[in-house]
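K.L.:
here is the input, now give the coordinates:
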Amino acid sequence: MQIEMLENWNPVPDQPLLIAGPCSAETEEQLTETALALVANGVKIIRAGVWKPRTRPGSFEGKGEEALQWFQKIRQQVPADVKFAVEVANAEHVQLALRYGIDILWVGARSSVNPFTMQEIADSLKGVDIPVLVKNPINPDLALWIGALERLAGAGITKLAAIHRGFSSHKKTKFRNVPSWQLPLELKREFPELPIICDPSHIAGVRELVPELSQKAMDINFDGLMIESHCNPSEAWSDASQQVTPSRLKEIVDQLRIPTKGVADKEFNSHLVELREKIDQLDREIFDLVAERMAVVDQIGAFKKKSNVTVFQINRWNEILKTRSEWADELNLDHELMEAVFNQIHESSIKRQMNIMAKKEADV
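P.N.:
Residues are numbered from 1 along each chain as shown. Just a heads-up that it's a prediction; the model follows:
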């Protein structure tokens, strides 16, 4: 993909990209009040949902073209360098947004999951020079996310960025959407030039977690933030619990610690190399231990086959989850991390034992 550097279209090129605004453009008064307050607090890109895809009909689904007219009026009241962003979900949305002079488009998680929708949006953007941001699909599917970006790149869009808004999960966590930070980091590894923006509002689901998630994104070298902000969050027509006031947004942004991408200090770099070497040694030990564990798994599989015992033993799995959780507590390790690790190990162990079960007696 040919991707233009973020600093070429970021209104504040020496700072992380910041996009803020209400989840939905509800009324002209609400949008205007929020936008003017955000601009007064230093925000240069104002966002608002104009078309709101809802899980079930009957909920507020946005004001559509009417809200785009409100953006035009607000533009006359703010400095010329202030930009406006909306979500698009089909070719008609794109055409209307462009007609009303919207500066930045983003594609939501419900759209990025569908290659047909993404191709329709990409086709409608051919010949257009505008930044387009793509949220990750609802479920943790990196290939779908990359595919959505590639379709836009194929249409000639070079001002591309990805938005990490977390992933749906059947498990109950403190987050609305599980962060699964490893997926956006893997995306960054494959496409180092691709800007990645964090949407802490949709990951959090509650405003109290937004500062923590924003800092986490900065700590792992994300390129910016998209945060939902409303002049009166408690009265918002959608996602009220995760929006912050413009003044609170400024506090969050001002308190962020923005790490440097590199340090020229020789002593620092020398110590960093030393610590990374220790990490490499420990990782090798982990691999050796996993290999040793899998050898025991194979022995257990052969024993189960000989004794005609089923591979999966629910009582044993429950015991593993309980004890490993206790070990995590003892060592002050993150439960989510350790559960993910052991789920993968257990899944691999089951596969190995099933392969053993499928072998002929002479091969065991």
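K.L.:
what about Val178, how many residues nearby?
P.N.:
Using other C-beta atoms under 10 Å, Val178 has 17 neighbouring residues. Yep, even glycine has a C-beta here, placed from its N, CA and C like the rest.
K.L.:
what does Ala328 give?
P.N.:
Counted with other C-beta under 10 Å, the neighbours of Ala328 add up to 18.
K.L.:
and for it, nearest residue in space, chain neighbours not counted?
P.N.:
In space, and not counting its chain neighbours, Ala328 is closest to Met338: 4.4 Å by C-beta to C-beta, 6 or more residues apart in numbering.
K.L.:
show me which positions of the helix or strand hosting that neighbour end up buried.
P.N.:
Using DSSP states H and E, Met338 sits within helix 335-358. For helix 335-358, a neighbour-count test (16 or more other C-beta atoms under 10 Å) marks Glu336, Met338, Phe342, Ile345, His346, Ser349, Arg352, Gln353, Ile356, Met357 as buried.
K.L.:
elements contacting that helix?
P.N.:
Applying 3 or more C-beta pairs under 8 Å, 6 or more residues apart in numbering; DSSP states H and E, we find helix 335-358 packed against helix 266-307, helix 314-330.
K.L.:
dump the C-alpha coordinates for it into CSV.
P.N.:
Output of helix 335-358 as CSV, limited to C-alpha atoms (Å, rounded to 0.1, in the frame of the first residue of the first chain):
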residue,chain,number,x,y,z
HIS,A,335,-5.5,-12.6,34.3
GLU,A,336,-6.5,-11.9,30.7
LEU,A,337,-2.9,-12.5,29.5
MET,A,338,-2.5,-15.8,31.3
GLU,A,339,-5.9,-17.1,30.3
ALA,A,340,-5.2,-16.3,26.7
VAL,A,341,-1.8,-18.0,27.0
PHE,A,342,-3.2,-21.2,28.5
ASN,A,343,-6.2,-21.3,26.1
GLN,A,344,-3.7,-21.4,23.2
ILE,A,345,-1.5,-24.0,24.9
HIS,A,346,-4.6,-26.1,25.8
GLU,A,347,-6.0,-25.8,22.3
SER,A,348,-2.6,-27.0,20.8
SER,A,349,-2.5,-29.8,23.4
ILE,A,350,-5.9,-31.1,22.4
LYS,A,351,-5.0,-31.0,18.7
ARG,A,352,-1.8,-33.0,19.4
GLN,A,353,-3.7,-35.6,21.4
MET,A,354,-6.4,-35.9,18.7
ASN,A,355,-3.7,-36.5,16.1
ILE,A,356,-2.3,-39.3,18.3
MET,A,357,-5.8,-40.8,18.7
ALA,A,358,-6.2,-40.8,14.9
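K.L.:
distance from that helix to the middle of the chain?
P.N.:
Mean-position distance between helix 335-358 and its chain equals 26 Å (C-alpha atoms, centre = their mean, to the nearest Å).
K.L.:
average pLDDT for it?
P.N.:
The average pLDDT for helix 335-358 rounds to 87.
K.L.:
got it, and stretch 100-112?
P.N.:
pLDDT averaged over stretch 100-112 gives 96.
K.L.:
same question, stretch 229-245
P.N.:
What stretch 229-245 shows for mean pLDDT is 95.
K.L.:
how far off centre is that stretch?
P.N.:
Taking C-alpha atoms, centre = their mean, one finds stretch 229-245 lying 21 Å from the centre of the chain it belongs to.
K.L.:
which residues are in contact with it?
P.N.:
With C-beta atoms under 8 Å, 6 or more residues apart in numbering as the test, stretch 229-245 has contacts from 20-24, 26, 30, 33-34, 37-38, 43, 49, 52, 59-60, 176, 201-202, 204-207, 210, 227-228, 246, 248-249, 252.
K.L.:
from those, which land in strands?
P.N.:
Ala20, Gly21, Ile227, Glu228 (DSSP state E).
K.L.:
isn't the third one right up against Ile203?
P.N.:
Translated: Ile227. No: look at Ile227 against Ile203 with C-beta atoms under 8 Å: they stay out of range, at 10.9 Å.
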